[in-house]
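K.L.:
What would the 3D arrangement of this be:
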Amino acid sequence: MRNPFKRPMANDETLGATDKWAWHFAAALLSDKGCVRSLNEDSGRILHMPEVAGAAGKGLLGVVADGMGGHQAGDTASQLTVEVICRAYCDEKGQPAERLQNALVAANRAVYDLASGDARLAGMGTTCTALALFDGLAYMAHVGDSRLYLIRGGEIYQMTEDHSHVMEMVRQGLITAEQAREHADRNVLYRALGRRAEVEISCWAEGQPLRDGDRYLLCSDGLSGVLADKTIAQMASQGDPATACASLIELTLQAGAPDNVTVGIISVSEREEENADLPSTQEFNTVTSKSNGIEAHLR
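P.N.:
Predicted structure coming up:
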């Protein structure tokens with residue numbers, strides 16, 4: 001997997017924000033039940049947390065979860081996961097990487113405990129991919145086959161590895177990535193939140209530097225399993241994040257959308273502090289609307 005962060009740094013570059021630069025994020029998230037499923041078991045949220053009481057220095061947090069378990073179980077697992085992660089990350093103290101990992105640990109335990117106490121929810125679980133942006137750095141924590149992509153300089157980079165049996169076969173050289181897309185067992189996971197009392201979480205131990213013009217994309221496999229990476233990169237780069245999310249959802253629906261599909265896009269830009277026209281706190285309040293098929297979280 002290509003790593004866009006492994007490159008020489010110029011003498012005047014830094015890994016984090018400095019007094020000179022202020023980071024600005026524009027973000028949107030859309031979700032649709034697709035063309036086949038009767039229920040949307042995906043959940044997602046993007047929170048921008050400026051320096052206000054109770055959320056000082058937390059930056060931006062994006063989460064996408066794809067529930068599993070059938071009936072209401074998958075829906076319950078993904079919604080609970082998003083709620084717990086957002087609350088735990090905001091309440092935690094310490095470094096962003098540690099807070100993010102601990103938030104997924106808390107979500108795993110919450111889903112597992114709820115399923116253990118209710119026979120109707122037995123066996124439920126969810127994938128989860130979470131991204132935190134803070135002080136010029138990006139942090140990721142991940143379980144399952146939802147994905148985080150980085151679109152930088154016209155290139156797209158898959159920043160997570162699917163925890164699926166088919167992708168393990170790809171890593172071992174038994175099948176190709178192209179064959180994996182059509183494999184009958186492509187949705188069989190060996191790791192998910194809530195299935196066991198403890199779960200191994202993939203995460204970045206250190207923050208990765210942001211660059212002006214970066215776009216981060218979080219999605220469920222309802223998007224990545226239908227659209228090619230090249231197409232995702234092209235559509236995600238066009239227009240503002242809300243327009244790009246809507247275009248990706250529409251293209252997935254046109255392709256048949258056999259699964260629920262969720263996509264969130266965060267656009268990153270940097271501006272000199274003395275000239276920065278930073279939005280007010282009120283502009284970052286979350287506005288949520290939900291219909292039978294579509295859920296939107298807009299900043």
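K.L.:
which ones are touching the nearest residue to Ser116 once chain neighbours are set aside?
P.N.:
Leaving out its chain neighbours, the residue that sits closest to Ser116 by CB to CB, 6 or more residues apart in numbering is Ala122, at 7.8 Å. All C-beta atoms are positioned from the backbone trio N, CA, C, and that covers glycine. The contact partners of Ala122, by CB atoms under 8 Å, 6 or more residues apart in numbering, come to Ala73, Ala115, Ser116.
K.L.:
Provide the count of other residues in contact range of the first one.
P.N.:
By the other CB atoms under 10 Å criterion, the neighbourhood of Ala73 contains 24 residues.
K.L.:
my read: it touches Asp118, true?
P.N.:
No. Using CB atoms under 8 Å, Ala73 is not in contact with Asp118; the gap is 9.0 Å.
K.L.:
For beta bridges, what are the partners of His140?
P.N.:
Just so we're on the same page, residue 140 is Met rather than His. Note on Met140: beta-bridge partners by DSSP bridges are Leu131.
K.L.:
Can you give me the neighbour number for it?
P.N.:
23.
K.L.:
again, but for Gly117
P.N.:
By other CB under 10 Å, 9 other residues sit near Gly117.
K.L.:
Over to Ser224?
P.N.:
Ser224, neighbours per other CB under 10 Å, totals 23.
K.L.:
need the contact list for the nearest residue to it once chain neighbours are set aside.
P.N.:
Counting by CB to CB, 6+ apart, the nearest residue to Ser224 once its immediate chain neighbours are dropped is Arg147, at 5.2 Å. Residues in contact with Arg147 (CB under 8 Å, 6+ apart) are Thr129, Gln158, Met159, Thr160, Asp162, Leu217, Leu218, Cys219, Asp221, Ser224.
K.L.:
would you list the residues you listed in JSON lines and tack on pLDDT?
P.N.:
Below are these laid out as JSON lines (pLDDT from 0 to 100):
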{"residue": "Thr129", "pLDDT": "98"}
{"residue": "Gln158", "pLDDT": "95"}
{"residue": "Met159", "pLDDT": "97"}
{"residue": "Thr160", "pLDDT": "95"}
{"residue": "Asp162", "pLDDT": "90"}
{"residue": "Leu217", "pLDDT": "98"}
{"residue": "Leu218", "pLDDT": "98"}
{"residue": "Cys219", "pLDDT": "98"}
{"residue": "Asp221", "pLDDT": "95"}
{"residue": "Ser224", "pLDDT": "95"}
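K.L.:
Sort out for me which of these are in strands.
P.N.:
With strands defined by DSSP state E, the entries of these inside them are Thr129, Gln158, Leu217, Leu218, Cys219.
K.L.:
Which parts of this protein are strands?
P.N.:
In the chain, the segments counted as strands under DSSP E are 21-32, 42-49, 59-68, 125-126, 128-134, 137-143, 147-152, 155-158, 202-203, 208-209, 215-219, 261-272, 287-290, 295-298.
K.L.:
most packed of the ones you listed?
P.N.:
Comparing the strands of the chain by mean neighbour count (mean count of other CB atoms under 10 Å), strand 125-126 ranks first with a mean of 30.
K.L.:
so what pLDDT did Cys93 get?
P.N.:
No, residue 93 isn't Cys; it's Lys. Listed pLDDT for Lys93 reads 86.
K.L.:
er, Ala205 actually
P.N.:
On the pLDDT scale, Ala205 is placed at 88.
K.L.:
Check the burial of it by counting its neighbours.
P.N.:
9.
K.L.:
For it, list the residues it contacts.
P.N.:
Ala97.
K.L.:
what's the answer for Lys93, then?
P.N.:
Arg99.
K.L.:
Just give the closest residue to Ser237, not the sequence neighbours.
P.N.:
Per CB to CB, 6+ apart, closest to Ser237 is Ile151, 5.9 Å.
K.L.:
Residues in a beta bridge with that neighbour, which ones?
P.N.:
Beta-bridge partners for Ile151, by DSSP bridges, are Ile156, Arg215.
K.L.:
Could you check how far Leu193 is from Ile266?
P.N.:
Here Leu193 is placed at a distance of 22 Å from Ile266 (CB to CB, to the nearest Å).
K.L.:
didn't Val263 look like it was pressed against Leu251?
P.N.:
No. Using CB under 8 Å, Val263 is not in contact with Leu251; the gap is 10.4 Å.
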